[in-house]
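[1] Pasting a predicted model and its sequence here:
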Amino acid sequence: MKPFTDEDVEIYIQSKVEPRHYLVSKTVEEVQKIIQQLTTEISYKATRFQAISNSGIHNENIKDQPALLAKWSAMLRGKRPFHPSIQVLAPSQFLITVPLRGLTGYKECQVRHWRYYTVHGAKLLSSVRDPEELHQWLEVEQFSKSLQQWHETDVNIEGDLVPAKVLVVFRELVEKSIISCNLSSKVTVLESFSSVVRVAVETSESQVEVELVPTVEIPTCWPEKARWPRCLKRWPSQEKVQCIKSLGFDLLARSNYHWQLCFSRAEHMLMEGLDEDGGCRMKCFRVMRQMKEDVWCAGNKPIITAYHLQTVLFWTCEKYPRTKDWRCFREAFLRLVQKLHKCVSQHFLKHYFVKNTNLLKYANTSDLDVVASKLAVFLENPVFCLD
């Protein structure tokens with residue numbers, strides 16, 4: 001096997017990785033501006049929703065918690081800028097969380113009980129299935145403070161906040177706000193088989209599909225389901241672990257009954273300062289992402305997204321925590337691709353924080369096998385595509 005050279009890598013970064021970064025950054029900026037305008041209008045129409053600029057440290061739900069704000073400000077000071085509500089899954093596929101207002105003082109529910117209703121409120125003879133590991137029920141009583149609107153039947157059934165009902169309300173607001181903001185030429189609501197809200201956003205370069213997700217941001221605690229870090233792990237450091245866990249988590253409305261746990265702030269903090277020891281982890285990740293988009297899994301809606309690659313990176317960093325493991329780009333990169341190949345071949349990639357969750361559980365296995373075969377070809381003859 002003739003390995004690629006350092007010169008090959010630098011040429012690939014300059015000709016592919018850096019132009020991609022410029023284009024995606026420009027697209028993020030344009031999409032952010034449009035969705036900010038849209039969600040600002042939505043927040044005027046309905047107090048339960050906030051504009052995306054209120055995500056994270058700017059969330060109105062924590063403005064009366066100066067100690068928390070001061071701690072977050074200190075942690076984020078000097079870090080690279082990022083928008084906490086935007087996840088770039090692929091250059092033309094984004095997920096944007098829309099923070100909800102009026103739900104504060106969250107506590108975990110300790111009592112399990114059965115639900116016998118449909119998302120439309122009709123009675124069922126048998127109970128609704130339990131949530132999967134990365135999901136949970138959400139009762140309005142789990143918050144010490146809640147707006148009266150969260151108790152109303154348009155979003156609430158028997159005390160539960162029901163994602164499907166929240167999404168129905170939200171979709172209607174999106175459709176109305178596109179018209180009232182004169183955004184019809186830039187934003188189109190897409191048809192969906194489920195209750196999720198997807199829009200097509202026109203930018204100067206391309207069309208981007210954006211999933212807009214109503215989100216309860218919970219900055220005050222770490223969920224019991226996320227049993228992390230695992231025992232005797234050397235990466236990340238204990239100091240960083242405490243910092244990460246203090247950022248809390250989010251609950252996303254992406255399904256009918258259950259809210260999905262999300263750790264975007266924690267994941268951003270893990271990516272931050274990844275190579276303070278002089279390693280090449282981030283370089284490996286960016287090159288792997290580019291190869292994925294160019295060769296292994298191209299297309300507008302790829303089965304393997306940047307989020308999957310980030311998870312592979314976290315697991316590999318944990319397994320190889322030493323500085324010397326990340327000094328040689330060639331060795332580190334091939335190790336990372338081998339891990340990706342193993343996960344895709346086995347149709348199994350554990351969530352980094354909630355380990356009983358397989359991120360590839362619902363992926364099309366035939367599509368995964370195609371990606372696995374392309375990865376195998378690369379590993380047999382690792383050359384970079386410069387066409």
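    Great, that's in hand. Numbering: from 1, shown residues only.

[2] which strand of this protein spans the most residues?
    In the chain, assigned by DSSP state E, the strand with the most residues is strand 207-218.

[3] ok, and what's touching the helix or strand following that strand?
    Next helix or strand after strand 207-218 toward the C-terminus (DSSP states H and E): helix 238-245. The contact list for helix 238-245 (Cβ atoms under 8 Å, 6 or more residues apart in numbering) reads 75, 222, 228, 229, 236, 266, 269, 270. All C-beta atoms are positioned from the backbone trio N, CA, C, and that covers glycine.

[4] which among the residues you listed end up buried?
    Among the contacts of helix 238-245, those buried by neighbour count (16 or more other Cβ atoms under 10 Å) are 75, 222, 228, 229, 236, 266, 269, 270.

[5] Can you list the strands that the helix or strand harbouring residue 89 pairs with?
    Assigned by DSSP H and E, residue 89 belongs to strand 86-90. Applying DSSP bridges to the sheet, strand 86-90 is found paired with strand 93-99 (antiparallel).

[6] Run through who's touching the partner strand.
    By Cβ under 8 Å, 6+ apart, strand 93-99 touches 28, 31, 35, 39, 42, 49-50, 52, 54-55, 59, 61, 84-89, 170, 208-215, 217, 250, 252, 262, 264, 300-302, 305.

[7] I'd like the next helix or strand past it.
    Counting by DSSP H and E, what follows strand 93-99 is strand 103-106.

[8] Tell me the buried residues in that following strand?
    103, 104, 106.

[9] sorry, back to before: helices and strands around the longest strand of the chain, which ones?
    Applying 3 or more Cβ pairs under 8 Å, 6 or more residues apart in numbering; DSSP states H and E, we find strand 207-218 packed against helix 18-45, strand 93-99, strand 103-106, helix 163-180, strand 197-202, strand 249-252.

[10] could I get that strand in PDB with only the CA atoms?
    As requested, the backbone C-alpha atoms of strand 207-218 are provided in PDB (Å, rounded to 0.1, in the frame of the first residue of the first chain):
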ATOM      1  CA  GLN A 207     -30.900  25.700  -1.900                       C
ATOM      2  CA  VAL A 208     -30.600  24.400   1.700                       C
ATOM      3  CA  GLU A 209     -33.000  22.100   3.400                       C
ATOM      4  CA  VAL A 210     -33.500  23.200   7.000                       C
ATOM      5  CA  GLU A 211     -35.300  21.300   9.800                       C
ATOM      6  CA  LEU A 212     -36.700  23.800  12.300                       C
ATOM      7  CA  VAL A 213     -37.000  22.200  15.700                       C
ATOM      8  CA  PRO A 214     -38.800  23.700  18.700                       C
ATOM      9  CA  THR A 215     -36.500  23.200  21.600                       C
ATOM     10  CA  VAL A 216     -36.600  23.300  25.400                       C
ATOM     11  CA  GLU A 217     -33.100  24.400  26.500                       C
ATOM     12  CA  ILE A 218     -32.200  23.000  29.900                       C
END
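
[11] quick one: stretch 316-334 to chain centroid distance?
    25 Å (Cα atoms, centre = their mean, to the nearest Å).

[12] what about it, start to end distance?
    The first and final residues of stretch 316-334 sit 11 Å from each other (Cα to Cα, to the nearest Å).

[13] can I get the buried ones among the contacts of helix 238-245 in a markdown table with pLDDT?
    Output for those, formatted as a markdown table (pLDDT from 0 to 100):
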| residue | pLDDT |
| --- | --- |
| 75 | 58 |
| 222 | 96 |
| 228 | 94 |
| 229 | 93 |
| 236 | 94 |
| 266 | 94 |
| 269 | 91 |
| 270 | 94 |
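
[14] TSV for those residues, including distance to residue 243?
    Shown next, in TSV, are these (distance: Cβ to Cβ, whole Å):
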residue	distance to residue 243
75	6
222	12
228	13
229	12
236	9
266	9
269	6
270	10
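
[15] Closest one of these to residue 7?
    Comparing these against residue 7 with Cβ to Cβ places residue 270 closest, at 30.8 Å.

[16] contacts for stretch 272-292?
    9, 12-13, 16-17, 20-21, 79-80, 271, 302, 304, 306, 309-310, 313, 317, 323, 325-329, 332-333, 336-337, 340, 378, 384-385.

[17] Report the buried residues of it.
    Within stretch 272-292, the residues scored as buried using 16+ other Cβ under 10 Å are 272, 274, 279-281, 283-292.

[18] Pass me the low-pLDDT residue ranges in the stretch 251-387 of the chain, would you?
    386-387 (pLDDT under 70).

[19] repeat that for 50
    Applying pLDDT under 50 to the stretch 251-387 of the chain picks out no residues at all.

[20] just the strands in it please.
    259-262 (DSSP state E, counting those that start in this stretch).

[21] thinking again about what came up before, would you convert the buried residues of strand 103-106 into TSV that also reports pLDDT and distance to residue 351?
    TSV is the format used below for the buried residues of strand 103-106 (pLDDT from 0 to 100; distance: Cβ to Cβ, whole Å):
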residue	pLDDT	distance to residue 351
103	96	24
104	94	27
106	95	21
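
[22] which of these lies closest to residue 199?
    For the buried residues of strand 103-106, the nearest to residue 199 is residue 103 (24.3 Å; Cβ to Cβ).

[23] Would you agree that closest one is in contact with residue 143?
    Yes: the pair residue 103 / residue 143 is scored as a contact, 4.8 Å apart, by Cβ atoms under 8 Å.

[24] Closest to residue 193 out of the buried ones among the contacts of helix 238-245?
    residue 266 (30.8 Å).

[25] and that closest one, what does it touch?
    244, 245, 247, 249, 353.
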